[in-house]
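Peer 1: got a sequence here, can you build the structure:
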Amino acid sequence: MMNCTRRNFLKTSAAAIAGLTASPSGFCSESSKKPNFVLIYLDDSGWADFKPFGKPVYDTPNVNQLAKDGCRFNNFYVTQAVCSASRASLLSGCYPGRTKVFGAHGPEARGLDPAFATIGEALQSAGYKTAVFGKWHIGDQPDTRPPARGFDESCGLMYSNDMWEFHPENPDYWGKWPLRFWENGQVTIERVTPEHQCHLTTWYTEHAVDFINRRKDEPFFLYVPHSMPHVPIFCSDKFKGKSGVGLFGDVMMEIDWSVGQIVKALQDNGLEDNTMIVFSSDNGPWISYGNHAGSTPFREAKGTSFDGGVRSACIVKYPGKVKAGSSSTQTFCTIDILPTLAKLAGAQLPDNPIDGKDVWDIIAKKPGAKNPHRYYPFSIGGNFQGVISGDGHWKLHLPHSYRTLVKSGLDGAAGKYENLKTELALFDMRNDPFETINVIDQYPKVAQRLQRYAEDHKKKFYPDQK
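Peer 2: From the prediction side, this is the model:
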C-alpha cells in the first residue's frame with residue numbers, strides 16, 4: 001500500500017513536448033516543430049464555477065489567468081450531459097448515437113469500441129507521446145483501457161469515484177467491485193479509500209508535471225480528466241478550509257492550483273508558446289448534491305439536454321495563435337476537438353467515420369469563420385432529445401421527459417428530483433439562452449428545418465426510437 005502523504009506515485013508519466021513555433025497559418029509544417037496539446041477536462045463542473053465565467057466566492061486565479069492569456073468560449077457544448085457518453089465523444093469525435101456509448105458505464109464495462117480511434121491514437125500515429133492522468137470512464141477491459149487506446153502513460157480511475165463501497169445510497173451494489181487506482185495498465189491501489197481520494201487531484205497533477213518535464217523535447221498530447229468535482233468530493237490537506245466557504249470551494253481551489261502547476265511546468269520548460277491548452281468540463285453540475293455541487297446560470301443541469309447540462313465553460317490558450325484576453329460566442333462542440341488537433345498536428349484522421357469537424361478558424365477567430373455543422377445533436381442515455389443549429393442560434397427539443405430538482409441534498413447527500421415533460425419546443429438561444437420561451441409558433445420555418453435535421457439524425461442513429 002502506498003504512503004498517501006508522499007509523492008511516490010510517480011513511477012510512470014510521460015509525454016512529450018516539442019517545438020518552438022508553428023507555421024503562420026497556425027498548422028505545423030515540415031520545417032516547424034509540432035505543437036503540444038494539453039486537454040484539461042473536469043467532472044461535473046458547472047459553467048459558472050470559475051472566474052471569469054461566474055463569480056464564485058472562492059478564488060480561481062489560475063483559470064482566470066488562463067482566460068486572460070487565451071480565449072473564453074461561452075457557447076461550447078458536450079453531446080450528452082453524462083460522464084461516459086461525454087468523454088467518448090470528446091476522445092473519438094463521434095456522436096453517442098454512432099458509438100453507442102450512452103450514460104455512465106460501470107466497472108468492467110466495455111466502453112468505447114476499439115473500432116473508434118481516440119485522439120491519443122490519432123496523435124500517436126503522428127509521432128506524439130501521449131498520456132492520460134485522471135478519470136478514464138470509457139472502458140474497463142484490457143483492450144478498452146488507456147494503454148490499449150493510444151496512451152503511452154496513464155494513471156487514475158477507470159470509472160467514477162462514487163462507484164465504490166462507500167456509496168451513500170447503494171454501498172452493497174457498488175461494493176461488489178473494488179475501486180482501483182491504475183498506473184500504466186497495472187493496479188497500484190487495490191481498494192481506494194477516502195484517504196486516497198483526498199490525493200487524486202494532487203497525484204494527477206504531479207504526474208502531468210513530471211510528464212512535461214521528461215518529454216519536453218518531443219511533441220506530446222497530455223489529457224488530464226480530473227475526478228473532481230464529481231461527488232464524493234475530496235481535497236488534500238493543503239487546501240482543506242482554504243476557501244473559507246466549505247469543501248466545494250476547497251476542491252475548486254485545488255483544481256485551480258492544478259491548472260497553475262501545469263502551466264508553470266510548460267513555462268519552466270520553454271514550451272508555453274508552442275502548446276495549446278483546452279480547459280473544459282464533461283457536463284454541467286450535479287445540482288442534486290447542493291453545497292457539494294457547482295452552479296450554472298442556464299436551465300436545469302447534469303443529466304438533461306437543457307443548457308445547464310450540455311453547455312460547459314471552455315478556455316483555449318495558444319500564444320500567438322489564439323488572441324489573448326478575448327471571448328467568443330461562436331458555437332462548437334467536443335466532437336470537433338479531435339479533427340482540429342489532428343489538423344494542427346499534421347496527423348491523419350482516423351479511418352473510421354467521425355462526426356466532428358475542424359473548427360480551427362473559429363478558435364483562432366479568423367474573419368468570416370463559420371461553424372461547419374448544420375446542427376449538433378443532444379441525447380440522454382439512449383434517448384435522442386434534440387438539436388442546436390451549428391451557429392448556436394436555435395435549439396429544438398423533441399418531446400421528452402427530463403428530471404428537475406425539487407430538493408437539494410446537503411454535505412454529500414443526494415437531493416430529490418421529479419420528472420417533467422417538455423413538448424416540442426424551439427428556443428432562440430441568442431435572445432433567450434435560458435430556454436424559457438417556446439417560440440415554435442413564431443418561427444415555423446426554423447422549426448421545420450431543425451425538425452428535418454432531428455428526424456434524419458434519429459432515423460440514422462436511433463432507428464428504434466419512436
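Peer 1: list the buried residues in the top helix by length along the chain.
Peer 2: Longest helix in the chain, counting residues (DSSP state H): helix 247-268. Residues 247-263, 265-266 are the ones in helix 247-268 that count as buried (16 or more other Cβ atoms under 10 Å). For glycine as for every other residue, the C-beta is placed from the backbone atoms N, C-alpha and C.
Peer 1: how about stretch 228-242?
Peer 2: Buried-residue list, stretch 228-242, by 16+ other Cβ under 10 Å: 228-236, 239, 242.
Peer 1: what average pLDDT does that stretch get?
Peer 2: The average pLDDT for stretch 228-242 rounds to 98.
Peer 1: likewise stretch 34-42?
Peer 2: Stretch 34-42 shows a mean pLDDT of 98.
Peer 1: returning to that earlier point: other residues contacting whatever helix or strand comes next after the longest helix of the chain?
Peer 2: Sequence-wise, the next helix or strand downstream of helix 247-268 (DSSP states H and E) is strand 275-281. Strand 275-281 is contacted by residues 17, 35-46, 63, 66, 70, 76, 259, 262-263, 266, 312-318, 321-322, 334, 337, 341, 344 when judged by Cβ atoms under 8 Å, 6 or more residues apart in numbering.
Peer 1: if I take strand 275-281 and helix 247-268, what angle do their directions form?
Peer 2: Relative orientation of strand 275-281 and helix 247-268, computed by axes from the mean of the first three to the mean of the last three Cα atoms, to 10 degrees: 170 degrees.
Peer 1: strand 275-281 pairs with which strands?
Peer 2: Using DSSP bridges, the strands paired with strand 275-281 are strand 36-42 (parallel), strand 311-317 (antiparallel).
Peer 1: what sits against residue 319?
Peer 2: 69, 272-273.
Peer 1: returning to what we had before: for the buried residues of stretch 228-242, which one is nearest residue 433?
Peer 2: residue 229 (23.5 Å; Cβ to Cβ).
Peer 1: where's that closest one, which helix or strand?
Peer 2: Judged by DSSP H and E, residue 229 forms part of no helix or strand.
Peer 1: which residues are in contact with it?
Peer 2: 42-45, 49, 248, 251-252, 255, 292-294 are the contacts of residue 229 under Cβ under 8 Å, 6+ apart.
Peer 1: can you list those in CSV and add distance to residue 305?
Peer 2: Listed next are the contacts of residue 229 as CSV, based on distance: Cβ to Cβ, whole Å:
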residue, distance to residue 305
42, 20
43, 19
44, 16
45, 18
49, 20
248, 25
251, 27
252, 25
255, 26
292, 24
293, 19
294, 18
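Peer 1: which residues in the stretch 301-450 of the chain form helices?
Peer 2: 307-310, 337-345, 360-363, 444-461 (DSSP state H, counting those that start in this stretch).
Peer 1: among the ones you listed, which is nearest residue 155?
Peer 2: Closest among these, using Cβ to Cβ: helix 337-345, at 22.0 Å.
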